[in-house]
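Undergrad: let me see the structure of the following:
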Amino acid sequence: MTTATVKDLYPTRGATEVTVPRQDPVVWGSPRTPGPIAAADLQAYERDGFLAVDRLIGPAEVEIYRQELDRLVTDPAIRFDERSVVEPSSQEIRSVFEVHRISEVFAGLVRDERVVGRARQILGSDVYVHQSRINVKPGFGASGFYWHSDFETWHAEDGLPNMRTVSVSIALTENHDTNGGLMIMPGSHKTFLGCAGATPRDNYKKSLQMQDAGTPSDEALTELAGEYGIRLFTGEPGSATWFDCNCMHGSGDNITPFPRSNVFIVFNSVENAAVEPFAAPVRRPEFIGARDFTPVR
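TA: You can find the predicted model right below:
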C-alpha cells in the first residue's frame, strides 16, 4: 500500500502552518469493548486526551524494570547501537529505542494486560507496537523534549494514516514538579496543527536529540496553551499516563539532582498500519517506526 491510495486527512510540513479539526474518533472502542478502564475514565480520556493511573505497577516490579534500564544504559554494546540516542553535551545515553526487542524484561511489560489491555480498549482493535523506548533524564542538566504532537511526526515521517494510536509513559523514578516531568495541553488532541517547513532527509538523526522539523510556532503554542491550559504530571515510581497521539505535549530540562526515567510504549491499531510517509522523502528506520504489524499477544 502507498499513500497514493490513502487520503491525507492531516496535511503538514507545507509552506505555512495550518490547523485542521480532528477527523477521527478519540476512543475507538464501543462501551462493550472489554478492558480495565472504567466508563467514566474513558469519557475523561475522550475529553482530555489522557488517562493517569497512580500505581500501575508495584514497587517490586518497578525495581525489576529500573535494574533492566540501568543494565541497558551501561552496556557498551547498547551505547554504540544505532538504537541509542546520546545527549549532545554530556554524551550520556538519552534514549534507547526498540527495548521490547532488545530486552525480554520490557517485552513482558508490553504484553502485560494492564498495559496492552488499556490500549486495545481505547483503540477498539488488536494493537501492535509502533515504537518503544526508555528515556533517561539524569539530574544536573538533562535536556527536555520540546512541545510537539507525536502524530504530526508519525503521520509525516512514518506514514500513520489516522489518529488511532495511544502512548503510555510508565515512571521508573519519582516524577516531581521540578525534574522535567511530562506536560500536556488537555483537549489539544481535538485539533491537528500542521507545521511549516519541509522534512530534511534522515531528519530523525537530528530530531531525536533536538526537535526541529515538526515544531509548532511560538504563536500557535501560545494560542493552544491559552485555550487548553497545561497539565504537569507528577507521581510515584510505577505511575503511568496514557495519552492520545495528537496531544500537544513536552517536558522541560532536569536541572535538579533527582533523576527522571521512564519506559515509553506506543500502541497502534492493526487497522491503522503505516503506509508511505505523507511528508518526508524516506521512511524512518523500523526501530523508530515499526513495519512489523504483528498484534501483541
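Undergrad: show me the residue at the heart of this structure, geometrically.
TA: By CA atoms, centre = their mean, the chain has its centre lying nearest to S167, at 4.9 Å.
Undergrad: quickly note the distance from the spatially closest residue to that one that is not a sequence neighbour to G144.
TA: Nearest non-adjacent residue to S167, counting by CB to CB, 6 or more residues apart in numbering: V266, 4.9 Å away. For glycine as for every other residue, the C-beta is placed from the backbone atoms N, C-alpha and C. As defined by CB to CB, to the nearest Å, V266 lies at a distance of 19 Å from G144.
Undergrad: more neighbours: the two, which one.
TA: When neighbours are counted by other CB atoms under 10 Å, V266 and G144 differ, and V266 comes out ahead with 22 against 16.
Undergrad: in the chain, which helix or strand is least confident?
TA: helix 204-207 (a mean of 64; mean pLDDT, DSSP states H and E).
Undergrad: now what about the helix or strand that that helix is followed by, what contacts it?
TA: Downstream of helix 204-207, the next assigned helix or strand under DSSP states H and E is helix 218-228. Contact partners of helix 218-228, identified using CB atoms under 8 Å, 6 or more residues apart in numbering, comprise 17, 19, 147, 185-188, 191, 193, 216, 248.
Undergrad: what does stretch 80-97 give?
TA: 72-73, 78-79, 98, 102, 131-136, 138, 141-143, 208-210, 285, 287-288.
Undergrad: run a quick neighbour tally on D54.
TA: The number of residues near D54, taken as other CB under 10 Å, comes to 9.
Undergrad: just give me how far the biggest helix by length in the chain sits from the chain centre.
TA: Taking DSSP state H as the criterion, the chain has its longest helix at helix 59-74. With CA atoms, centre = their mean, to the nearest Å as the basis, helix 59-74 stands 20 Å off its chain's centre.
Undergrad: same question, stretch 16-32
TA: 17 Å.
Undergrad: likewise stretch 176-189?
TA: Offset of stretch 176-189 from its chain centre (CA atoms, centre = their mean): 13 Å.
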